[in-house]
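Trainee: task: produce atomic coordinates for the following.
(chains A, B, C and D, ligands or ions: 4)
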Number of protein chains: 2
Amino acid sequence: MPGSDVLDPTALLRAAGLKVTRGRVAALVALGEHSHSSAEQLHTHIAAGGVPMTLQAVYLSLQVLTEHGVLRRIEPAGSAARYELRVGDNHHHLVCTGCSRVVDVDCMVGEAPCLLPADAHGFSVQETELTFWGVCPDCAAQAATTREEGAA
Amino acid sequence: MPGSDVLDPTALLRAAGLKVTRGRVAALVALGEHSHSSAEQLHTHIAAGGVPMTLQAVYLSLQVLTEHGVLRRIEPAGSAARYELRVGDNHHHLVCTGCSRVVDVDCMVGEAPCLLPADAHGFSVQETELTFWGVCPDCAAQAATTREEGAA
DNA sequence: GGAATTTCTTGAATCGATCAAGTCTCCACG
DNA sequence: CGTGGAGACTTGATCGATTCAAGAAATTCC
Ligand SMILES: [Mn+2]
Ligand SMILES: [Mn+2]
Ligand SMILES: [Zn+2]
Ligand SMILES: [Zn+2]
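Mentor: Ligands and ions are numbered 1, 2, ... in the order given. Okay, here's the model as predicted:
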């Protein structure tokens, strides 16, 4: 079924004017399968896929891809930077305070920027970063189990 | 004029059940005068105020004060953690992409949490963190000057 | 004022990320 | 095809922010 592939790494790289290399392709594929992963997580996934690649090479690829707008980099407080392929769509993130899992949250108000401060203090606001912190279902279940065990 | 003091470090510490020490008082006073400062900036301010205190001691004090809810700690992406005395009022921050300066932004919708995601994905949302990124007046002026010089 | 508790100092270590120099790969051109 | 040169990748060092650990000093409560 041609065209059913969600991601064409080669096309993405060519469109960005970047060389098509094994490492970059591997990084893009890994990100397509594991969005919001850290550099180390991606390195692990890439290695598991059979592509030999240094962690530093992963960092380099992610840096270049981010600089060229192919990737988006987010830095939730208290955890390593995460990367994703969704760029330029003004979506937001929900971060679990237990396991640092990150999931996408669409903007609830409309187009970008979906929110502006009441008083900008003379700043020219270019980006509205909205991060929700909470506990994901898995962590909530785990906490419930732990409480039961403690009470028993 | 008794009572005109904006901050009583000793009372704050006692209320939190913490020992009143020179270092903690110095940290609170410095924060009162320089909100949203980093640990190193606070250390510099404290030293300038004539109080001998190690950078590590500043980190320890900030950690304890944050754990006890006396301080709030924020971690803007790409810069060191900042601290402030405004706790529990659900206000937000405006960060300059040029100099990392941080200023307060009051919530524009109402009480906490002033915003909730359209789809919480099963998470129990506990905190809504909203960060605006932009360029502050000083940096904008500086950029304008630089451009003029470049054009001249 | 003195003992017990905690905080502070000194120094090392950690984590995530970046830098630097040399080697290897991609790809445009012959 | 075959090759040359820009630019990726590897290896190893380095960095900044923060934390950890053990002993010395300070604070609190009697
Ligand atoms: Mn996302
Ligand atoms: Mn603030
Ligand atoms: Zn979780
Ligand atoms: Zn600025």
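Trainee: for A:Trp133, which residues make a bridge with it?
Mentor: Note on A:Trp133: beta-bridge partners A:Val95, B:Glu127, judged by DSSP bridges.
Trainee: which residues of chain A fall in strands?
Mentor: A:37-38, A:72-74, A:82-84, A:92-96, A:102-105, A:124-135 (DSSP state E).
Trainee: any idea of the mean pLDDT for the longest one?
Mentor: For strand A:124-135, the mean pLDDT works out to 75.
Trainee: list the helices and strands it packs on?
Mentor: strand A:92-96, strand B:124-135 (3 or more C-beta pairs under 8 Å, 6 or more residues apart in numbering or on different chains; DSSP states H and E). The way it works is simple: take the backbone N, C-alpha and C, and place the C-beta from them, glycine included.
Trainee: and stretch A:47-64, end to end?
Mentor: 20 Å (C-alpha to C-alpha, to the nearest Å).
Trainee: buried ones in that stretch, by neighbour count?
Mentor: Within stretch A:47-64, the residues that qualify as buried are A:Ala47, A:Met53, A:Ala57, A:Val58, A:Tyr59, A:Ser61, A:Leu62, A:Val64, counting by 16 or more other C-beta atoms under 10 Å in any protein chain shown.
Trainee: can I get those residues in TSV including pLDDT and distance to DNA strand C?
Mentor: Putting the buried residues of stretch A:47-64 into TSV (pLDDT from 0 to 100; distance: C-beta to the nearest atom of the strand, whole Å) gives the following:
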residue	pLDDT	distance to DNA strand C
A:Ala47	96	16
A:Met53	96	11
A:Ala57	98	9
A:Val58	98	9
A:Tyr59	98	4
A:Ser61	98	11
A:Leu62	98	7
A:Val64	98	10
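Trainee: out of those, which is nearest to B:Gln142?
Mentor: Distances from B:Gln142 to the buried residues of stretch A:47-64, taken as C-beta to C-beta, are shortest for A:Val64 (28.4 Å).
Trainee: what sits closest to that closest one if chain neighbours are left out?
Mentor: A:Leu18 (6.7 Å; C-beta to C-beta, 6 or more residues apart in numbering or on different chains).
Trainee: thought the one you found was touching A:Arg24?
Mentor: Yes - A:Leu18 lies in contact with A:Arg24 (C-beta atoms under 8 Å); the separation is 6.8 Å.
Trainee: can you get me a residue count around A:Ser37?
Mentor: 21 (other C-beta atoms under 10 Å in any protein chain shown).
Trainee: which residue packs closest to A:Ser100, ignoring adjacent ones?
Mentor: A:Ser100 sits nearest to A:Ser79 (C-beta to C-beta, 6+ apart), 4.3 Å away.
Trainee: separation between that neighbour and ligand 1?
Mentor: 14 Å (C-beta to the ion, to the nearest Å).
Trainee: next one: phi and psi at that residue?
Mentor: As for A:Ser79, its main-chain torsions (degrees, to the nearest 10) stand at phi -140, psi 170.
Trainee: ok, it - contacts?
Mentor: A:Ser38, A:Val95, A:Ser100 (C-beta atoms under 8 Å, 6 or more residues apart in numbering or on different chains).
Trainee: scan those residues and report the most crowded one.
Mentor: Neighbour max across these (other C-beta under 10 Å) = A:Val95, 25 neighbours.
Trainee: does A:Arg82 really touch A:Arg72, like I thought?
Mentor: No - with contacts counted by C-beta under 8 Å, A:Arg82 stays clear of A:Arg72, the gap being 9.0 Å.
Trainee: so for the two, which residue has more residues nearby?
Mentor: A:Arg82 (23 against 17).
Trainee: helices of chain A, start to end?
Mentor: With helices called from DSSP state H, chain A shows them at A:9-15, A:22-33, A:39-48, A:55-67, A:137-151.
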